[in-house]
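S.K.: Attaching a predicted model along with its sequence, questions to come.
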Amino acid sequence: MSYLDFYRLQTEPFSNAPNERFYYNSAQHAKALTRIMYIAETMKGLAVVVGDIGTGKTTLARKVLDSLPDEAYESALLIILHSEISPEWLLRKIATQLGVEQPARDKIQIIGQLYRRLLQLHEQGKKAVVLIDEAQMLSSRELMEEFRGLLNLEVTAHKLITFIFFGLPEMEQNLDLDQPLLQRVAMKIRLSTLTEEATKAYITHRLAIAGNRDNLLTDEAQKNIYRYSGGFPRKINILCDNALFQGFLMRERVIDGNIVEEMAFDLGFEDQVHSQGAMPAVELPPPEWTPEVEKPEAEDKASTDAAPDDSPQEAADFQESPEDEGEEDIEARFDAFFEETFSGEE
């Protein structure tokens, strides 16, 4: 018998492996998701999601990916595992994710192939959105310059690709390596830790998804989970998983505060000084807004035969196109959009 059987659970409720079924729509994550979807729908070019380790960036990235309808978007999630990557590798990976077959080895040729593919998607009425997780690993100026070049691939009044970076706070230092790219950041979103009330709701949510309808943790146990996790979802998961296993070994049907304290001590979790930047425990309704699906203007234009020639000079010209004039007040427009999205909901 495992602790799943003992507590009548159908699956592990506190695994740290990303799983959309367990996505918890906290107040800050609901607003972050809506803001990201807005950036994707309006093709603003570049958005940045910043948060400390364990604040749910990867889970949010996967939720965004699953929320972009295939009929309206060519979307991809690219996870950067280490910092020693070349601009050529990065461009080939992005091209492959967006449907370019057999990307070239030469950087300029890859850009030409990618540009033709983006034009093809644009003619089909689809938007290209690439999510970059662990973006703090992009730590060289060369890589930042490549993103700036790709953001310059556009047609009249339309950007052809949007990037959304998810990373640790040091990612902002990487953006500083290329000031023109930094100036292209249309929206910046910061994820913080959960409050005590939101932590309790998070625990209840995950247990319910796993099939539990009983009160497995006392109020004191939940308070101690917040106290020793500091509201970090990853630490909450680790502490809850250990507490449930320990409770199973002790044949305790309900987890009390002492069990949580014992597990926190074993894990080396110290009593946290709660962040003043934690989100208030006000839950917004799940955002029902989804990107509008645009119909292709002409379906017979999807053929690559209609794309321009793969000219290195032409690709280079698009890479170095000047910065757009008249930057819009993105934050003000978003606030109006967010208000309209949730207005009238009870």
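M.R.: Now that the structure is in, tell me what you want to look at.
S.K.: and the nearest residue to Leu191 once chain neighbours are set aside, how many residues sit next to it?
M.R.: Leaving aside its sequence neighbours, Leu191 sits nearest to Gly51 (Cβ to Cβ, 6 or more residues apart in numbering; 3.3 Å). All C-beta spots, glycine's among them, are computed from the backbone N, C-alpha and C. Around Gly51 there are 23 other residues, counting by other Cβ atoms under 10 Å.
S.K.: wouldn't Gly51 be in contact with Ser192 here?
M.R.: Yes - with contacts counted by Cβ atoms under 8 Å, Gly51 reaches Ser192, the gap being 7.2 Å.
S.K.: returning to that earlier point: tell me the contacts of the residue nearest to Leu191?
M.R.: Lys57, Leu168, Pro169, Arg190, Leu191, Ser192 (Cβ atoms under 8 Å, 6 or more residues apart in numbering).
S.K.: By neighbour count, which of those wins?
M.R.: That'd be Lys57 among the contacts of Gly51, by other Cβ under 10 Å, with 23 neighbours.
S.K.: what about it, distance to Val64?
M.R.: 11 Å (Cβ to Cβ, to the nearest Å).
S.K.: Identify the residues contacting the closest residue to Ser139 other than its chain neighbours.
M.R.: By the measure of Cβ to Cβ, 6+ apart, the closest residue to Ser139 outside its immediate chain neighbours is Ser83, 4.8 Å from it. Contacts of Ser83 were listed using Cβ under 8 Å, 6+ apart, and they are Met137, Leu138, Ser139, Ser140.
S.K.: Assumed Ser83 was part of a helix.
M.R.: No - counting by DSSP: H, G, I helix; E, B strand; the rest coil, Ser83 falls outside a helix, being coil.
S.K.: got the phi/psi numbers for it?
M.R.: Torsion angles at Ser83 (phi, psi; degrees, to the nearest 10) stand at phi -90, psi -10.
S.K.: From Leu121, how far out is it?
M.R.: Distance from Ser83 to Leu121, by Cβ to Cβ: 30 Å.
S.K.: What of Met37?
M.R.: 18 Å.
S.K.: and what of Lys107?
M.R.: Lys107 sits 21 Å away from Leu121, going by Cβ to Cβ.
S.K.: Who are the contact partners of the spatially closest residue to Tyr3 that is not a sequence neighbour?
M.R.: With sequence-adjacent residues excluded and distances taken as Cβ to Cβ, 6+ apart, Tyr3 is closest to Phe248, at 3.6 Å. Taking Cβ under 8 Å, 6+ apart as the contact definition, Phe248 lies against Ser2, Tyr3, Phe6, Tyr7.
S.K.: for the stretch 1-150 of the chain, what spans make up the helices?
M.R.: Taking DSSP state H, counting those that start in this stretch to define them, one finds helices in the stretch 1-150 of the chain at 3-6, 27-42, 57-67, 87-97, 107-123, 141-151.
S.K.: If I take the second one and helix 57-67, what angle do their directions form?
M.R.: When axes from the mean of the first three to the mean of the last three Cα atoms, to 10 degrees is applied, the directions of helix 27-42 and helix 57-67 differ by 50 degrees.
S.K.: Who are the packing partners of helix 27-42?
M.R.: strand 46-51, helix 57-67, strand 127-133, strand 161-167, strand 185-191, helix 330-342 (3 or more Cβ pairs under 8 Å, 6 or more residues apart in numbering; DSSP states H and E).
S.K.: Sketch out the low-pLDDT regions of the chain for me.
M.R.: 273-346 (pLDDT under 70).
S.K.: on that earlier part again, may I ask which of the contacts of Phe248 has the most neighbours?
M.R.: Result: Tyr7 is most packed of the contacts of Phe248 (other Cβ under 10 Å), 20 neighbours.
S.K.: That one touches Phe245, doesn't it?
M.R.: No - between Tyr7 and Phe245 no contact is recorded; they are 10.2 Å apart, counting by Cβ under 8 Å.
S.K.: Pick out the residue closest to the middle of this protein.
M.R.: Note on the chain: the residue nearest the mean C-alpha position is Ala61, at 2.3 Å, using Cα atoms, centre = their mean.
S.K.: That one touches Leu77, doesn't it?
M.R.: Yes - the criterion here is Cβ under 8 Å, and Ala61 meets it with Leu77 at 6.0 Å.
S.K.: what touches both of these two?
M.R.: Joint contacts of Ala61 and Leu77 (Cβ under 8 Å, 6+ apart) are Leu131, Asp133.
S.K.: that older thread, can you pull the contacts of the residue nearest to the centre of the chain?
M.R.: Contacts of Ala61 by Cβ under 8 Å, 6+ apart are Val49, Leu77, Leu131, Asp133, Ile164, Phe166.
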